[in-house]
Every structure is written in structure tokens, then in C-alpha cells.
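S.K.: Sequence first, then the predicted structure, then my questions.
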Amino acid sequence: MRIMGLDYGSVTVGVAISDPLLLTAQGIEVIHRKQENKLRRTLARIDELIAEYGVSEIVVGYPKNMNNTIGERASKTEEFVKMLQARTKLKVILWDERLTTVAAGQVLTEAGVDYKKKALVIDKIAAVFILQGYLDKLYNSRNINNED
């Protein structure tokens, strides 16, 4: 069993996959599309990755506003999640992603990645941050429950 993490953007989707033990997230790829509302190929690629990695659950970054309100980007993400659930029949979780893209950008800058290369991978790194946050929550929940 593996979990997929997605950073859903207007023209890209960053993809990360967990290891089989659900401890770590690895960036897999960035899916590009020409227009925001053209999702057929994006969804087909996600289907391929689900089959390839044996994904049983999906976590999608939820871009809430800093004041915890739902803006246009979050609403579009909710629509994407509904499509994803209907198509894959998998459990899809929205995960608060505030500042993950900023954090991903900082990591890449600190690693000395230049601007052009950063633009190619930042969504994949953000997907890793989203998925790793969820995996950490799962791990901590398991440990708390085992202590009782």
C-alpha cells in the first residue's frame, strides 16, 4: 500500500509517492497541461501512476488562504478532488498546504538550484512536503494510539 501526494496547480500537478511503510515521501514527477480546465491527460497520467505504484489513497494539497478562508484556488482544488474520487474510487484527503510551495522554493534556493531548474521541480517538491506532512501525522497517530 502506498499513498500519493498531489500539489494541484493551475497548469501543473506535482506528484509524490510514499514508500511502502508509509514513512517517507519521494517526488515522482510534474504533470503539465496547456490549459487549466484541460484535465483528461492529467487524470489519465494519475491513473497510470496509481496502477504503477499500487496507490490506495491520495492526499491533495488544499491551498487555504492564510486567514483559513477558502479562495478561488481552494474551490478549484475541491472540484478536482471530486473528479479524482469519482474516477479513481480511492479515498482522497484534502491536506492544508499553506506555505508548502514557499518552503519548497526555500529548500531549492538553499541547495543552489537556479531559477529555471527550480520552476521545473518546485511543484514536485511541494507535493513531497504535502505528503510528508500527512505521513508524519499518520505515524504520530499510530504511536500515540500504541502508547495507550
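M.R.: Perfect, I can see it now. Numbering: from 1, shown residues only.
S.K.: okay, CA-based contacts and neighbour counts for the rest of this
M.R.: OK.
S.K.: what packs against the longest helix that the chain contains?
M.R.: As assigned by DSSP state H, the longest helix anywhere in the chain is helix 115-147. With contacts taken as 3 or more Cα pairs under 8 Å, 6 or more residues apart in numbering; DSSP states H and E, helix 115-147 sits against strand 2-8, strand 12-18, strand 25-32, strand 55-62, strand 91-96, helix 100-110.
S.K.: Dump these to TSV, plus distance to T77.
M.R.: Output for the helices and strands packed on helix 115-147, formatted as TSV (distance: least, Cα to Cα, whole Å):
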stretch	distance to T77
strand 2-8	7
strand 12-18	11
strand 25-32	16
strand 55-62	7
strand 91-96	9
helix 100-110	15
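S.K.: For these, give me TSV that also has distance to S141 and mean pLDDT.
M.R.: Below are the helices and strands packed on helix 115-147 laid out as TSV (distance: least, Cα to Cα, whole Å; pLDDT from 0 to 100):
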stretch	distance to S141	mean pLDDT
strand 2-8	16	97
strand 12-18	17	96
strand 25-32	17	96
strand 55-62	17	97
strand 91-96	16	94
helix 100-110	22	70
